[in-house]
Structure formats: C-alpha cells, structure tokens
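Student: turn this into a model:
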Amino acid sequence: MIQITLLGPPILTIEARPAPPELLWRKHLGLLAYLTCAPARGATRAHLLDLLWGDKPEAAARHSLNEALRVIRRGVGDEAVDTSGDRIRLVAEVDSDLARIEALQGAGDTAAAARCIRGEFLEGFEIAGAAPFEDWLIAMRMEWRRRGSDLLAGEAEQCLDRGDIATAVELAERAASLDTEGVRSAVAAMKALALHGDRAGALAHHDRLRASLTELGAAVPAPVSELATRIRTGRAGPGASPPEVIRNRRPPLLGRERALADLLASCRLSQAGEAQLGVILGAAGTGKSRLLEEVLTRARLEGATPIVLRAVPADAGDPGGGLRALCSGPLLEAPGVAAAPAGALATLATVHPDWAERFPGALGAEPHSLRQAVVDLLRASAEESPVVLAVDDAQWLDADSLRAVIGLLRDLSGDRVTVLLTAALLPPRPELDDALARLGRDLPGTLVRLTPLPLEALEQLVCWNLPSYSVAEGNRLARRIASDSGGLPFLAVELLHAVAGGLDLVGSPAVWPAPLHTLDQTRPGELPDAIVAAIRIDFRRLSASAQQVLAAAAVLGERVPARHIGQALGLEPELLHAALDELEWSRWLQAEPRGYSHVARIAQEVIAKDLVTPGQRRRILEQAGAA
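Tutor: Presented below is the predicted three-dimensional model:
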C-alpha cells in the first residue's frame, strides 16, 4: 500500500516503511502525487508527457516517463500501474490524506477531517521547467487553501459553540494563515480571539483580511467590518485586553458544552424570527451567571443586542420594580427604540427622566401600560437587530415583573427576541414553575439544568490551572477539590487558584455541603476551612485598589452603584473604574446599569465577615452615608 500525505510537506511511505530514495526524486514524486489526485487515478501518456517533460524532445520525454514508471513499479510492486492502452493508471492501493478528508466529511466527522489539514498542498514542493505541473500545483493549492481553511474555521466555530475557546483560537488562526483572503476564517479568528480576551489580536485579523482583499481590488464584506466595530467598541476600550494574570482566572467552560450549544441554537432561532425562551436552572454556585455571560458575549459578537437585568433579594418586595429597572437603563441604550410608538415613549418618559430628555416630543402622547410599552420598545429594537433580554437570578425578581417578562413571548412570537432567565432552585417561584411546565409546548425554547461539575471536568480544570502536575497528582487534587467545593465551579476555581498560590490542602474534609443543603443555605462559618482560606488568598492577590473596592461592595449591600463605592472610599474615578474592571474580569463582581453585585453571595459574606475590620466597616458606612 502507498501512504501519501499531500497537505503540508509531502510524506511518502510504502507498506508503512520509508519510500526508496529514487521514488522521492522530484518528477517521480510529482507523477505519483498527480496520479493520486487525478480522476480515476489516471491520465493519457500525452498529457503526462506535457505535464512533466514538456521541455524535452519527445523521445527523451517518453524515456523519462517510462523510467519513472519503472521506479514506481520497483518501489511499490509490478502491478502498481496499468500502462495498457493510451492511459496510465495508478492501480495500487493508495491511502492519501485527501481521500481520508473526503471520506470523513462524507461521514460527518468534520473534527477528524480538520485534524488532517497539516498545511498547504505539497508545501515547499516545486519542479523547475515543468510549467504545466506548476499551473496544476497552483490550482490545487488554491483549492485546498480554501477547503482546508473552511474545514478548520468550521471546526473552530463548533469549538466556540462548545465553549472550547483555546482550541477555537488555534484552529481559527491556522485557518486564517492558510487562506489570507478567506472571510470565514478571518471571522472565526476574530470571534475566538475576542472571546479569549485578545482584542488587539482579533482586530489584527480584520486588518490583514482588508489588506489581502484590497490587493485584489475587493472590499471587506460589511458584516465583517461590523464585527470589527463591535469588537473595537467593547467596554474595555479600543485595543484593550485584560492582563494575563486576570485572564487566567477565567477558566475554560467545562462540563457545560451541551448547555451552551443548546442555548446558542435557541438564540439563532430567534434571530430568524421565532421568539425563544431559554431558562438556566440550578442551585447557587453551579455557574448559571457564567453560562449566561458566555451566551450573551457570543450573541453580541453575532450582532444581537443584549439587554441585561440582574436581580437581588431586595427586588422581590418591589412590585413592578423589575420592569421599571429594565426601562430605566438597559432599554434606553438599545438601538432602534426611537422608532417605537409615541405612546410607548411617553410611558417611559414618566418612568425615568432620561427618556423624557431624549424624547421630549413624546410627552404629549397617550401613554401605554408599562408592559405594553416594553413590548413596543423590544419590537422596535428587534427590527434593527436581534434582541436578547436576559434576567440573571430571576428567582429574586418581583412576581409582577417575572410574569410580565415571561409573557413577553406571547406578544413577540414573530419577532427576533430571545428571553434568557437564570434561576436558582430556591426560593420556589410559581411563576417560573408554570413557564417551565409550558416550555417546549406553547412556549418555544430550551431548559438547561446545571448540576455540580463531575470529577472529569474538575480533572480538566486542574490540568488547565496546574499544568505541571502529573496525572496522579492532578487526580488526587481533583478528588479533594470535589469534596471541598461540592463540585461548584466558582468554589472549585477559587480553590485551584489558591493552591497555585501556595495553599496546602491538608486533612480530610467532611462531606460538604451538608445533605439536602445548597450553597445559599450555607453560611460562611459552615464552609470548609480550605474554601475560606482560598477566598482569602485570592482576595489578597487583587491589586490594592481592587481589594478596597471589593471590601466596600461587600459592606454596602447586595447591589451598589459605582459612585457610592467611590464616595465611600474617596477613590479617584480612574482608579475606581480600573478596579471595577479588574473585579469584573476576575469574576468577583458583575455589573448592570443599577450597580455592581457579587457573582457569588457566599464570597461577599466571607469578605464582609473575615476580611473587613470593624473600623473599616464603620468608616465605609459613615463615608457612604455622609456622601
């Protein structure tokens, strides 16, 4: 059997042994490669003579072809080629990477097909004086640059949908380097690098694509330029990327691959005009907010408008407060709302002065109900771009607002709107239970249930954070972390960072959390010592200003506006905003227009109880009150 690899530098073996040196001579190898790729693995003598020996007299060319066929027969076997008649056919069994790629694609195994893309077709190979062969070589390289790049970019897209950003970056960059004019590969690389936190790298791919297309007299397609604009104008500022020490605190999304793919599929259905409800359900600490963040980030890159509301326990006792909060901040910034009916704008002008200032002409119109106004505004925004309305910790939303948000789907069924809710198991919410009972029947959408991470995912987290550990060491540590964290992602990551920072996990932990108890039912004093120590260690690794800001946020309440934190600490705005960015990137705090709240309430309680002295607490509260 002939084994031949044509993508990348050519590799030829016969029966798994190195090919004879004379078979690797340029024209002999070129003939073998050409016949491998030719239809029915054959060509006429005249064609082959012109292809490889057109620069020689006919008699000398025929002699060279016969000598090449003799070398192939001697190296492969007497029956390797059929020379009867006017055609020459390669009849030996051939295993080529190109044939494997075709077969794998036909079977739907694109991941395995992508692994066969090693580089350019016959990379570095040429035959001087054989212009027709060079023309064929150029054509094949162009075809396989495109095909290989598309395969790699497609697999990168699949990795992004599964949350495997590191692999997506590697595949997308290989795709873009293979075909510098490929739009799909450039887009995949831009998205992957943006999700990885490398905004400058993402924009560099856009610039390279623009340069390549400009040489061809073409322009960058509008959707690609729009993607570059979305990346460039993100919250962190032009060209900004998080420091490596912060980026390393954001682990890969493990154990949630299917959940992410299902939610993204729902969002894409809504982008086609079929409104969807997505619910992420799980106990506290199972990573609901992180999964929601991943979905929203990808939706934003794909051109959707995220409108985010985060609820805290105090919101439950404020009837209609959730809808009013939605109107007071997130909706105001949504594109397209100016096209909403005047009555809807008039309603919002009575809710928040910013609406009255922005749309003074609407004040004389007959106002709608608040719920109808929200429907009208979402529909107007969805006309311009798909909308993803997300409510994090929806179990704390007041009953009126929760019913209204779920009921939006009835009025927006034909619009490009996705409603995403995250909710903990406690406290029980009848409004949410009713929606879950209808989900998949009269409510189109997806339910995702998150459970603690399995041991396999924790082992992968250990490998990600502590690559120097042996397999046995990693397995032991993963089992210990499973015991100490209860498999909750936030606590598992905190423990891993603390271990990397020198925490020694000694002793045998008790079973935790206690049977039938969730993280929300567990107070700081009931946590394993290792968890409390890990939170302390990771807190001390923050910058001094970030420690101050996090401590103040823990003392001041469940959700705190940035200006209140700054007033309580007397921090300059530049230092305050840099500290808040650091705490968002490192997933201590999460933001919405009304203020900042802790990603994990248990971490807030540990910080307020163990890391703030009574004097600090008093000064923070006094300064906040005085301001």
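
Student: residue 590 contacts residue 289, correct?
Tutor: Yes - using Cβ atoms under 8 Å as the test, residue 590 is close enough to residue 289 to be in contact (6.4 Å). Every C-beta, even on glycine, is put in place using the N, C-alpha and C of the backbone.

Student: tell me, what's touching the two both at once?
Tutor: Counting by Cβ atoms under 8 Å, 6 or more residues apart in numbering, the contacts common to residue 590 and residue 289 are 392, 599.

Student: which residues in the stretch 51-200 of the chain form strands?
Tutor: Taking DSSP state E, counting those that start in this stretch as the test, the strands found in the stretch 51-200 of the chain are 81-82, 87-90, 94-96.

Student: nearest to residue 317, out of these?
Tutor: Closest approach to residue 317 among the strands of the stretch 51-200 of the chain (Cβ to Cβ): strand 94-96, 69.5 Å.

Student: which residues are contacting the closest one?
Tutor: Against strand 94-96 from outside (Cβ under 8 Å, 6+ apart): 1-6, 36, 41.

Student: mind redoing it with 10 Å?
Tutor: Around strand 94-96, the neighbours that count as contacts under Cβ atoms under 10 Å, 6 or more residues apart in numbering are 1-7, 13, 16, 32-33, 35-37, 41, 76, 80, 102, 116.

Student: sheet partners, orientation included, of it?
Tutor: Listed by DSSP bridges, the sheet partners of strand 94-96 and their directions read strand 2-5 (parallel).

Student: packing partners of the following helix or strand past the strand it pairs with?
Tutor: Using DSSP states H and E, the helix or strand that follows strand 2-5 in sequence is strand 11-14. The elements that strand 11-14 packs onto, with contact taken as 3 or more Cβ pairs under 10 Å, 6 or more residues apart in numbering; DSSP states H and E, are strand 2-5, helix 26-37, helix 58-76.

Student: picking that back up, any of the contacts of strand 94-96 buried? List them.
Tutor: By neighbour count, with 16 or more other Cβ atoms under 10 Å, the contacts of strand 94-96 hold 2-7, 32-33, 35-37, 41, 76, 80, 116 as buried.

Student: contacting residues for residue 611?
Tutor: Taking Cβ under 10 Å, 6+ apart as the contact definition, residue 611 lies against 532, 535-536, 539-540, 547, 550-551, 554.

Student: repeat that for 8 Å
Tutor: Contacts were defined as Cβ under 8 Å, 6+ apart; by that measure residue 611 touches 536, 539, 551, 554.

Student: sort out for me which of the residues you listed are in helices.
Tutor: Using DSSP state H, the members of these that fall within helices are 536, 539, 551, 554.

Student: return the member of those residues nearest to residue 345.
Tutor: When those are ranked by distance to residue 345 (Cβ to Cβ), residue 554 comes first, at 38.9 Å.

Student: could I get the full set of helices for the stretch 101-250 of the chain?
Tutor: Read by DSSP state H, counting those that start in this stretch, the stretch 101-250 of the chain holds these helices, from start to end of the chain: 110-115, 131-162, 165-178, 183-196, 199-215, 222-232, 244-247.

Student: could you identify which of those is most buried?
Tutor: Among the helices of the stretch 101-250 of the chain, the stretch with the highest mean neighbour count (mean count of other Cβ atoms under 10 Å) is helix 183-196, at a mean of 25.
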